[in-house]
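1. I'd like to go over a predicted model; first the sequence, then the structure.
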Amino acid sequence: MPRIPRHAPGVVTARLHAAEPDTGTPLDAELARVGRIRRIGTTASVTMAVGALGAGALPVLQNPTAGERLFGIWLRLQHSSMAITLAGMVVVTFCWLLLSPYALGRTPFGRRSGRIDRVTLDRIIASWALPLALAPPMFSKDVYSYLAQGAIANTLDDPYALGPVSALGATHPLAINVPDVWRDTPNQYGPLFLGVQKAIHALTGDDVIAGTVLHRAVAVFGVLLLGWAVPRLAEYCGVSDVAALWLAVANPLVLFHLISGIHSESLMMGLLAVGLVLALRALDAPTAVRRPVLLFCLGTALITGSALVKLPTVVALGFVGMALARRWGSGWRAIGKAAGVMVAVGGATAAVAVVATSAGFGWITKLGAATSIRSWLSPPTALGVLSGGIGQYLGLGDHTAQILVMVQTAALVVAAAFTLRMLFAVHRGSIDPVGGLGASMAVIVLCFPVVQPWYMLWALVPLAAWASRITFRAPVVAVSAVLACFTLPPGTGPPTFVTVQSWAATAVIALVLLVAFYRWPGLLRYR
């Protein structure tokens, strides 16, 4: 895609972004090592899929393995199921890290390496993702909430009024499987995802397995959208498409939480990435003819659709709008005209989604429902809880709730101020729209009241296509690897002794495989 002319790069751009040179193709010995990495990762992924039969996020009711002689044995071998699943999880993460020199074109110590091609990386991602796509859910039971919310939406006039137990009853087959923490929480998702939930329930009824399969298909579709869009965003930003794809799609957070965990972020980020590609292509078209206008409207509609899954990506409309305003001029009038266009297209898309799904506007009032959960991964929430605990220890009383309100509100104000700064930086031309969005989403995630490991992908997807400096990639890779192994496969913690013993076995297995990989490569040589 042609680029919009830019002024001198700003501070954020200089620290995070640089055009990437071509590093050439890997040597034959390096390609042989890539082949071994692929096979080890595929084997580990299959191991996770097998272990998920006993250690996955399985439903309480309609568990297909319960009572089965062959597959049901894994339910009775909890230690073994957990051990092999955790071992597979760690080994897949290790393989992703071992692949980094051949995707980034350099080793962690700065030595240049050849970069594999897109076809090779696509095959690696597919071979690691396919076993997880066919396995039971792992790492989260949110999919059972999605199924119950679809039933509520097809039963009640207001799909956002009640939680699963209140709306369906405690003995309903879909409500029984909902995690305790969400049993009384109303639907928090936007009209587009509500439409997906309603359609799946209309097709599958109260069949948990069929509903889970269709939600998994939606999650895989979202990842396929990412696989198409991320390399094109990287090309737009002058970054290696292979490096961006490795960081944003081959990432264990995507494999474990979007594909295996079946989270709504898959559809949200897939629509966002495709929408950005289409809208930015339209803005960079040489002349304002009919086709770029239609392409821009389609891209904006897809970005709006992303926000109608979960709201945080609505900020992307602002960055596309500022890029449009920059094309039209440098004054406030251009910003006003661009804002009008974004509101018109985004508002029309939202109106269609609301009417088509009969959602109403109740979802807007439920956006803060998840903040009742105190998430230690959220810096402001962790700070508020710690401050409240110190106050109690000093005998000042329990003011944790009040402190949390103040700290979380202040954090959101900081995130809003930083986002506003990035918006005007895009208008000045000192940062790409993709980079400005990624930097803003990173601050939003850090300041969000509730943070889950996969929320990192809100920022990682656009940043992977734009931020190419090692000062960005090194810490992000490290954090991704840690967060990928942060959540246990069942989604909720098993007994402590089971977890400890499983992690001990995992450490031994991972160590043996690493030694075999480096000391006896002939064991995994191409035949």
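-> Nice, I can see it. Numbering: from 1, shown residues only.
2. could you pull up phi and psi at the most centrally placed residue in the chain?
-> The residue lying closest to the centre of the chain (C-alpha atoms, centre = their mean) is L457, at 3.8 Å. Here is the backbone geometry of L457 (degrees, to the nearest 10): phi -70, psi -20.
3. pretty sure it contacts L255?
-> No. Contact criterion C-beta atoms under 8 Å: L457 and L255 do not qualify, at 11.5 Å. (C-beta placed from N, C-alpha, C; glycine too.)
4. and the residue nearest to the centre of the chain, what does it touch?
-> By C-beta atoms under 8 Å, 6 or more residues apart in numbering, the contact set of L457 is 248, 251, 253-254, 257-258, 265, 269.
5. pLDDT weak spots in the stretch 151-300 of the chain?
-> By pLDDT under 70, the low-scoring segments of the stretch 151-300 of the chain are 286-291.
6. one more pass at 80, please.
-> Regions of the stretch 151-300 of the chain meeting the criterion pLDDT under 80 cover residues 285-291.
7. and the helices in it, which stretches?
-> With DSSP state H, counting those that start in this stretch as the criterion, the stretch 151-300 of the chain has helices at 164-168, 173-176, 191-204, 208-237, 241-248, 252-253, 265-283, 290-307.
8. so which elements touch the longest one?
-> Based on contacts counted as 3 or more C-beta pairs under 8 Å, 6 or more residues apart in numbering; DSSP states H and E, the elements that helix 208-237 packs against are helix 118-134, helix 142-153, helix 191-204, helix 241-248, helix 265-283, helix 433-447, helix 456-464.
9. now the ones you listed in JSON lines, with distance to G163?
-> Below are those laid out as JSON lines (distance: least, C-beta to C-beta, whole Å):
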{"stretch": "helix 118-134", "distance to G163": "29"}
{"stretch": "helix 142-153", "distance to G163": "8"}
{"stretch": "helix 191-204", "distance to G163": "14"}
{"stretch": "helix 241-248", "distance to G163": "34"}
{"stretch": "helix 265-283", "distance to G163": "22"}
{"stretch": "helix 433-447", "distance to G163": "26"}
{"stretch": "helix 456-464", "distance to G163": "25"}
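10. dump the helices of the stretch 151-300 of the chain to JSON lines, plus distance to R36 and mean neighbour count.
-> Converted to JSON lines, these look like this (distance: least, C-beta to C-beta, whole Å; neighbours: other C-beta atoms under 10 Å):
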{"stretch": "helix 164-168", "distance to R36": "46", "mean neighbour count": "21"}
{"stretch": "helix 173-176", "distance to R36": "44", "mean neighbour count": "22"}
{"stretch": "helix 191-204", "distance to R36": "39", "mean neighbour count": "21"}
{"stretch": "helix 208-237", "distance to R36": "23", "mean neighbour count": "21"}
{"stretch": "helix 241-248", "distance to R36": "17", "mean neighbour count": "25"}
{"stretch": "helix 252-253", "distance to R36": "18", "mean neighbour count": "24"}
{"stretch": "helix 265-283", "distance to R36": "29", "mean neighbour count": "26"}
{"stretch": "helix 290-307", "distance to R36": "38", "mean neighbour count": "20"}
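11. so which of the ones you listed is nearest V345?
-> Taking C-beta to C-beta, helix 290-307 is the member of the helices of the stretch 151-300 of the chain nearest to V345, at 4.4 Å.
12. next, the angle from that closest one to helix 265-283.
-> If you take axes from the mean of the first three to the mean of the last three C-alpha atoms, to 10 degrees, helix 290-307 sits at 160 degrees to helix 265-283.
13. from here on, count from 537
-> Noted, 537 is the first residue going forward, which turns the last one into helix 826-843.
14. could you check the angle helix 826-843 makes with helix 969-983?
-> Using the same axes, to 10 degrees: helix 826-843 against helix 969-983 is 10 degrees.
15. export helix 826-843 to PDB, keeping only CA atoms.
-> Extracted in PDB, the C-alpha atoms of helix 826-843 (Å, rounded to 0.1, in the frame of the first residue of the first chain):
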ATOM      1  CA  ARG A 826     -15.900   5.800  -6.000                       C
ATOM      2  CA  ARG A 827     -14.100   2.500  -5.100                       C
ATOM      3  CA  PRO A 828     -11.900   4.000  -2.300                       C
ATOM      4  CA  VAL A 829     -15.000   5.700  -0.800                       C
ATOM      5  CA  LEU A 830     -16.900   2.400  -0.700                       C
ATOM      6  CA  LEU A 831     -13.700   0.600   0.700                       C
ATOM      7  CA  PHE A 832     -13.400   3.200   3.400                       C
ATOM      8  CA  CYS A 833     -17.000   2.800   4.400                       C
ATOM      9  CA  LEU A 834     -16.600  -0.900   4.500                       C
ATOM     10  CA  GLY A 835     -13.500  -0.700   6.600                       C
ATOM     11  CA  THR A 836     -15.100   1.700   9.000                       C
ATOM     12  CA  ALA A 837     -18.200  -0.500   9.300                       C
ATOM     13  CA  LEU A 838     -15.900  -3.500  10.200                       C
ATOM     14  CA  ILE A 839     -14.100  -1.400  12.900                       C
ATOM     15  CA  THR A 840     -17.500  -0.400  14.300                       C
ATOM     16  CA  GLY A 841     -18.500  -4.100  14.200                       C
ATOM     17  CA  SER A 842     -15.400  -4.900  16.300                       C
ATOM     18  CA  ALA A 843     -16.500  -2.300  18.900                       C
END
